[in-house]
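In: everything below, folded, please.
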Amino acid sequence: MPMLERSTGKTFILSLVLLGFSFLPCQGMNVKDQIRTLKEKLEISFEPEDRIDVMIELSYAYQFVSHKEMKRYAEKAINLSKAVGYHSGLARTYENLGNYYFNQRSRPENTIPYFKKCISVSELLGNTYRVANSYHKIGLTHQYAGDFDAAIEHFKLGLLEFEAYPPTTKTETLRNRMLGSLGEVFLQKNNFEEAHKFLKMSTFLAQANKDTELESEFIALNAQTNLKLKNFKAADTCFQRALFLFKELEDYPSLIHTLNDYQELKIKQGKLTEAEKLVEESLELSIQNNFPGLICMAHMHLGQIYVLQERYEEAILESSTALEMTEEGKGKGFKSTLLYNLHVAHEALGDSSQAYYILKQWVALSDSITQVEKAKISAEIEAKFFVKQREREIEILGSEKQQQQLQIRLLGFFIFILIGFLIISYLLFSSKKKQSKLLAIRNMELEEVKYELNQSNIKLKEYIDSNLQLENFAYMASHDLRAPLVNIIAFSERLKSNLAKNEDSMEANLLRFMHKNALSMETLINSLLDYSRVNTEKLHPALHHSDEVINEVLSEIATKIEEKQAQITYDALPNTLVLDKVKIKQIFQNLLLNAMKFCPDDRIPVIHISLREFPEHWEFSVKDNGIGIKKEFQEQVFLIFRKLHTSNVYEGSGIGLAAVKRLVEQHNGEIWVKSIEGEGSTFHFTISKSLEKQRKSPELMTA
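Out: Numbering: from 1, shown residues only. Next up is the predicted model:
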């Protein structure tokens, strides 16, 4: 296992552990007790800010128990924070969701957006520490993904936040950790000078602050950097300090890795006996703690040291022991090194046949040797082996005639080797060509799997959305739909009682009231049925002339346009687009009718439709000169039953824009609004170009 990979893995594990303990609430309690206490607290919390704070703490507490619950409470907290405008809770929840994906070591595109959102909100709140911490997490995410330049950029952005920030113990710890992270990334880039500068600074500040835990994170990396720079004295000091800290912290995996790294320095200094003692200590600790991979690594290092000491039989014993462990699935990465050690030892003992056999395995296994070099080495190995065989025959035969025959055989052998080399080269070329074809086939298969996965995700999202709307429907059935019905029953009974006595104007009023409620209920039910049909009707994408679609919509609402004397224009549109004609017409009808409805009576509605093309989608815009929408309500207008005005001012059920949103999403698109109150609104929605793949047959190619 490469030295740098071990250190990176250790730092990642430490990051997760420190992250977890920094967030656990209710100190002195186990996690289950904490969760139970927080749930009880959530039940008695009524203020939105208090509930959000408790949800955030619950999410933190769940991170070592259930990742699913951790994410669920974080998402509940973020939705409530948005609804009530609680920016502090929003910042912490964005950070928490980022930590969730960070702990899962998810892809950067899943993790980084949440930390960026945390930065935006935290900057508004003036929380410099949280901004710096989020930059650090973004840097670590890029680092684990192998994008070292992006990691360096974000670590430096985080450090800039501290220039005008008053130093505290908490901020100094984060600042020092970012310095160490910068050093680690430069070490991974093999920029040892820069790595040494930052790692030395981080460990020095940690020592000055007596922060042994932070010092332990980077002291071993500092030792490795000095070793790469051949600063052997400084490396020796760092290794000794690292061993002391890991023993004090009882961090045995890090202690064992450091012992094995330290022996590399001793070998470079020619102190083989000291190197042997270090590896023996690491072997003993690995056995005591039952670390199979580290046991295998210790046997491998002992074999290397014995080879250098020319103790070849002991080297074979240690290397063979480690090789058996790799066959059992422990320390597979060491197999190449072990085979080479065994080859050297057998060759030194004069066992050419076994040395040849082992070296052939090593050449076949080694990933670091190019195919051409493998062919060359294979030919050299065979030549070396057969030459030695012929030398033995010469010694046995001893006669001049036999020597002449041997020379002829050697000449034939070398010709055979040359032919063999050419055959191997041809086979390698053919193999490479075959692998290229297989790779191309696999890439095509991966693209198909990717497309199928995208389709599955779309279906899953539709299923989730349908369930959410069913919940809303159940709520309406038990509340809004029930209220008019109760009024009708109550007033019917009262009317019946009055009719038994005499007739007067009260009956007429009651009947009118009953009729109004009945009409209200009928409108609401019809709107709900229309909305439910949006979810149940499948999408039928086909090529349609876009200008014809717009003209059909304008024709269907011509009466309303004439009544409002509206002026509706549109830009020159492309010839054809892939879309569901019926659903797109519903979208435009809703948007155009809304634009006319929400225009003041003293103003002629002026509406303009435009279209822009992007690499992945088309974007439509419907601009009006109506009453506009306040900024805080611009996201809420797409929620079902969300009306910004009473029915006395503007009629409607509050379902139209929610249905539009669902129709747009069925086209794999998005919808949003930009508006200035009193001046008008512009509704934007997109249609994905991926709909081309959803067309099922040639019959759908034309409208």
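
In: and the gap between the residue nearest the centre of the chain and residue 140?
Out: With distances taken as Cα atoms, centre = their mean, residue 107 lies nearest the centre of the chain, 2.4 Å away. From residue 107 across to residue 140, the span is 14 Å (Cβ to Cβ, to the nearest Å). Yep, even glycine has a C-beta here, placed from its N, CA and C like the rest.

In: same deal with residue 290?
Out: Distance of residue 290 to residue 140, computed by Cβ to Cβ: 30 Å.

In: which of those two has more neighbours?
Out: residue 140 (24 against 8; other Cβ atoms under 10 Å).

In: about what we covered before: quick check: closest non-adjacent residue to the residue nearest to the centre of the chain.
Out: The spatially closest residue to residue 107, leaving aside those adjacent along the chain, is residue 145, at 7.4 Å (Cβ to Cβ, 6 or more residues apart in numbering).

In: and if you look at residue 39?
Out: Of all residues beyond its chain neighbours, the one nearest residue 39 is residue 58 (7.0 Å), with distances taken as Cβ to Cβ, 6+ apart.

In: same check on residue 578?
Out: Closest residue to residue 578 apart from its sequence neighbours, by Cβ to Cβ, 6+ apart: residue 691 at 4.6 Å.

In: what values do phi and psi take at the residue nearest to residue 107?
Out: The phi/psi pair for residue 145 (degrees, to the nearest 10) reads phi -90, psi 0.

In: that one reaches residue 108, doesn't it?
Out: Yes. Shown here, residue 145 and residue 108 form a contact pair, counting by Cβ atoms under 8 Å, at 5.1 Å.

In: okay, now the unreliable bits of the stretch 251-400 of the chain?
Out: By pLDDT under 70, the low-scoring segments of the stretch 251-400 of the chain are 331-332, 366-400.

In: what packs against the host helix or strand of residue 42?
Out: In this assignment (DSSP states H and E), residue 42 forms part of helix 31-43. Where contact means 3 or more Cβ pairs under 8 Å, 6 or more residues apart in numbering; DSSP states H and E, helix 31-43 is packed against helix 48-62.

In: okay, buried residues for the helix or strand following the helix it packs on please.
Out: Proceeding N to C from helix 48-62, the next assigned helix or strand is helix 67-84, under DSSP H and E. By 16 or more other Cβ atoms under 10 Å, the buried positions in helix 67-84 come out as 70, 71, 73, 74, 75, 76, 77, 78, 80, 81.

In: quick one: average pLDDT of helix 67-84?
Out: Average pLDDT, helix 67-84: 88.

In: just want the angle from that helix to helix 48-62.
Out: Angle, helix 67-84 to helix 48-62, by axes from the mean of the first three to the mean of the last three Cα atoms, to 10 degrees: 160 degrees.

In: so what touches helix 67-84?
Out: 48-49, 51-52, 55-56, 58-60, 62-63, 86-87, 89-90, 93-94, 96-97, 100, 103-104 (Cβ atoms under 8 Å, 6 or more residues apart in numbering).

In: who's in contact with the residue nearest to residue 578?
Out: The contact partners of residue 691, by Cβ under 8 Å, 6+ apart, come to 539, 541, 578, 579, 667, 668.

In: please report phi then psi for it.
Out: Main-chain torsions, residue 691, degrees, to the nearest 10: phi -60, psi -20.

In: please renumber the chain so that the first residue is 144 from this point on.
Out: Fine by me, first position is 144 from now on; the one you just mentioned is residue 834.

In: max-length helix in this structure?
Out: Counting by DSSP state H, the longest helix found in the chain is helix 543-621.

In: helices and strands around it, which ones?
Out: Here helix 543-621 touches helix 514-540, helix 648-679, helix 799-809, going by 3+ Cβ pairs under 8 Å, 6+ apart.
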